[in-house]
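Q: Give me the fold of what follows.
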Amino acid sequence: MQVEDTAIPAVKIVTPKKHGDARGFFSETYNRDAFEAAGLDLTFVQDNHSYSAPAGTLRGLHFQTAPFAQDKLLRVARGRILDVAVDIRRASPTFGKYVAVELSAENWRQLLVPIGFAHGFVTLEPDTEVLYKTTAVYSPANDRGVAWDDPDIGIAWPLPPGGPTLSDKDRRWPRLKDAAELFG
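A: All right, here's what the predicted structure looks like:
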């Protein structure tokens, strides 16, 4: 397993080893001991799997407040995404800045998005499947977000000509400067 810092060091790119032969491949995508050896001491409690039919499906920017704040470890089983983590820790020198990383079934990278970051992604291919682990269960009462198109954040989303496919909820999130519940 290889662990790399991004432009915001709290966000990590994790690339598991992939062992292939004539049958296909095997990969240990998560191993607690290997994570701890890399300085990543996390206890995952929920696995999620999303499927997006059209390219240009945008999900985000999501986070959960305490006591259900979540670290997330994301990977792509099929297709490609641009995965984005936005620093929403008010006291951070990188507050409002973001990291964007392409994850795909081909490059086998994973993104570790820590607590204190809003997360979202856009699919770059049709029929994309994203799997992710979280350190807290989903809590509708703690579900929050910020606008995917907030001009103060300025994410350069690679969108199709007609714009993204969004959920109604993702159309309504406030801008970062108007979000009441962020992290300290």
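Q: can you give me the helices in the protein?
A: Taking DSSP state H as the test, the helices found in the chain are 32-37, 168-171.
Q: Please name the nearest non-neighbouring residue to the residue minimising distance to the centre of the chain.
A: Taking C-alpha atoms, centre = their mean, the centroid of the chain lies closest to His119, which sits 4.7 Å from it. Among residues not flanking His119 along the chain, Val113 sits closest, at 4.7 Å (C-beta to C-beta, 6 or more residues apart in numbering). Heads up, the C-betas are built off the backbone N, CA and C, glycines and all.
Q: just to revisit the earlier point, mind checking how far the residue nearest to the centre of the chain is from Lys17?
A: 25 Å (C-beta to C-beta, to the nearest Å).
Q: And for Leu74?
A: In this view, Leu74 and Lys17 are 18 Å apart by C-beta to C-beta.
Q: again with His49
A: Going from His49 to Lys17 by C-beta to C-beta gives 22 Å.
Q: do Thr65 as well
A: Note on Thr65: its distance to Lys17, by C-beta to C-beta, is 36 Å.
Q: ok, now Asp149?
A: Distance of Asp149 to Lys17, computed by C-beta to C-beta: 37 Å.
Q: Compare these two (neighbour count), which wins?
A: Ranked by neighbour count (other C-beta atoms under 10 Å), Asp149 and Lys17 place Asp149 first, with 19 against 13.
Q: And that one, what's its pLDDT?
A: Looking at Asp149, its pLDDT reads 98.
Q: so where's the chain uncertain?
A: Judged against pLDDT under 70, the chain has no low-scoring part.
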